[in-house]
Each structure stands twice: as C-alpha cells, then as structure tokens.
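Peer 1: here is a sequence together with a model predicted from it:
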Amino acid sequence: CIAKVMERWPDWSETDILSLRDQFMAFDVNCDGLIDYAELNTLIDSFGDQTTAEDRLHYFNMLDSDGSDGIDFEEFLEVVHHQFVEGSEKSGMFLSGFEKLYEQSTRKKTGCNRLSITAQLNANLI
C-alpha cells in the first residue's frame, strides 16, 4: 500500500515511490513480487560484474532481510534508502545496475510492467 510506504519513508513523494515500484517490477521477471537470486544474477551479469557466486549469494542474503528467498519491494526500498541516505557502496552497485537495466527493459517491455502504474493503482495492486 502506497500510504504505508509513504509513512515509512516520508521524504519520498508518491511519484518517487511509484517510479521505484515500476523499476522493481521490471526485474521481477516471473511476476511473483520478489526479485529472486536468479533474477538478481541476471541483473548483476548484465553490467559485467565479475563478483564470485559466493559473494553474490552473501550480498543477496544481506538484501533478503526476511529470509524469503527473494527481495521484496520493501527490501528494495531499503537498498534505495541506504544508497541515497547513507551512500552504501554495495547499494550503489545494485542500483546502478537496476537503473541501466530498467531503461533497457522498458524499451523491451519485459518484467511485470504489463499494466500502467495508474491501472495497477486502480486495481489496488499496489
């Protein structure tokens, strides 16, 4: 729910949150509401990262704070928040890859961006 997210991160506007949701959904290829380890690896591979599988798994597990085997939208927002508020290097790597791939995915219409944000709001999907 947008109101819940805005309450937790009051410095972000509704437009900011909807934009971040759109970016998140671009990488949720199987549309399950989570960015799983395989989806994260695709993201990391796409920007030429040479991190070991062990480091990637460690990083994934750090992001997946609730242990659900996937990064949900709130966990994604934590990454964004840490990048812009605390300047975390790991978050920065993750986000720069997201931004790059988001631009590519929107041109290809991949991920769960099958409905416009307005349509999703009207259907109470977010």
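Peer 2: Perfect, thanks for sending it.

Peer 1: may I have the secondary structure class of the closest residue to V29 other than its chain neighbours?
Peer 2: Nearest non-adjacent residue to V29, counting by Cβ to Cβ, 6 or more residues apart in numbering: E39, 5.5 Å away. Where you see a C-beta, it was placed from the backbone N, CA and C, and this is true even at glycine. With DSSP: H, G, I helix; E, B strand; the rest coil as the basis, the three-state label of E39 is helix.

Peer 1: distance check, E39 against L20.
Peer 2: 16 Å (Cβ to Cβ, to the nearest Å).

Peer 1: and the residue nearest to V29, how far from G33?
Peer 2: For E39, the distance to G33 (Cβ to Cβ) stands at 12 Å.

Peer 1: more neighbours, these two?
Peer 2: Each of E39 and G33 has its neighbours counted (other Cβ atoms under 10 Å); E39 has more, 18 against 13.

Peer 1: state the distance from that one to D66.
Peer 2: Distance from E39 to D66, counting by Cβ to Cβ: 17 Å.

Peer 1: wait, is G67 part of a strand?
Peer 2: No: per three-state DSSP, G67 lies outside any strand segment and is coil.

Peer 1: what ranges do the helices span in the protein?
Peer 2: 2-8, 14-27, 37-46, 53-63, 73-81, 89-108, 117-122 (DSSP state H).

Peer 1: by mean pLDDT, show me the worst of the ones you listed.
Peer 2: Of all the helices of the chain, the minimum mean pLDDT falls on helix 117-122 (a mean of 43).

Peer 1: residues contacting L57?
Peer 2: Contact analysis of L57 by Cβ atoms under 8 Å, 6 or more residues apart in numbering lists Y37.

Peer 1: L63 - nearest residue in space that isn't next to it in sequence?
Peer 2: Computed as Cβ to Cβ, 6+ apart, the closest residue to L63 that is not its neighbour in sequence is I71, at 5.0 Å.

Peer 1: can you tell me how far the one you found is from S13?
Peer 2: Taking Cβ to Cβ, one finds I71 at 23 Å from S13.

Peer 1: these two: which has the busier surroundings?
Peer 2: I71 (25 against 11).
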